[in-house]
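1. would you be able to build a 3D model of this:
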Amino acid sequence: MSQCIAQYVFKPNPGADMSKVMVHVKQAAGIWKRHGADVSFWTVSAGEIGNLVFACRFDSFTAYGKSYDAVTADPAFQKWSAETTASGLTSWVRSNVARAIALD
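-> Below you'll find the model as predicted:
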């Protein structure tokens with residue numbers, strides 16, 4: 001089994017209140033953690049400076065799938081998604097799902 005990571009890349013919209021953005025990020029982290037993700041949050045320092053990355057790591061692609069299914073079915077996530085979209089604080093850039101390749 002190889003590890004899997006899902007990355008959600010977004011950027012704050014001009015004039016966005018970053019304290020409000022962080023409230024949304026922390027809410028999302030709680031939801032993903034509840035469903036088995038190891039969550040981390042990143043700021044891009046080279047390349048696409050200003051973008052933010054919300055990352056969820058899993059021990060396997062199967063674990064990612066189970067977590068993703070549970071998250072998207074969770075009423076708290078559905079509410080969070082609607083509220084975050086309506087807030088206008090951020091814009092989606094891209095999402096990636098990657099699986100680790102063993103080098104041994």
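2. sticking with the residue nearest to the spatial centre of the chain, tell me its helix or strand.
-> Centroid-nearest residue in the chain: Phe54, 3.6 Å away (criterion: CA atoms, centre = their mean). Per DSSP states H and E, Phe54 falls inside strand 52-58.
3. what ranges do the strands span in the chain?
-> Assigned by DSSP state E, the strands in the chain fall at 4-12, 38-43, 52-58, 90-99.
4. name the helices or strands packed onto the shortest one?
-> Pointing back at strand 38-43 there. Counting by 3 or more CB pairs under 8 Å, 6 or more residues apart in numbering; DSSP states H and E, the packing neighbours recorded for strand 38-43 are helix 18-34, strand 52-58. The C-beta positions use only the backbone N, C-alpha and C, and glycine is treated the same way.
5. just name the most buried of those.
-> Comparing these by mean neighbour count (mean count of other CB atoms under 10 Å), strand 52-58 comes out on top with a mean of 19.
6. so what strands line up beside it?
-> strand 4-12 (antiparallel), strand 38-43 (antiparallel) (DSSP bridges).
7. tell me which residues touch the residue lying closest to Ile101 once chain neighbours are set aside, please.
-> Once flanking residues are discounted, Ile101 sits nearest to Ser2: 6.9 Å by CB to CB, 6 or more residues apart in numbering. By CB atoms under 8 Å, 6 or more residues apart in numbering, the residues touching Ser2 are 60-61, 99-102.
8. of the residues you listed, which is the most crowded?
-> Phe61 (16 neighbours; other CB atoms under 10 Å).
9. for that one, which non-adjacent residue is closest in space?
-> Distances taken as CB to CB, 6+ apart put Cys4 closest to Phe61, at 4.6 Å, once the chain neighbours are dropped.
10. who touches that neighbour in this structure?
-> By CB under 8 Å, 6+ apart, the residues touching Cys4 are 57-61, 63-64, 97-100.
11. pull the number of nearby residues for Gln7.
-> Neighbourhood size, Gln7 [other CB under 10 Å]: 16.
12. my guess is it meets Ala55, correct?
-> Yes - look at Gln7 against Ala55 with CB atoms under 8 Å: they come within range, at 5.0 Å.
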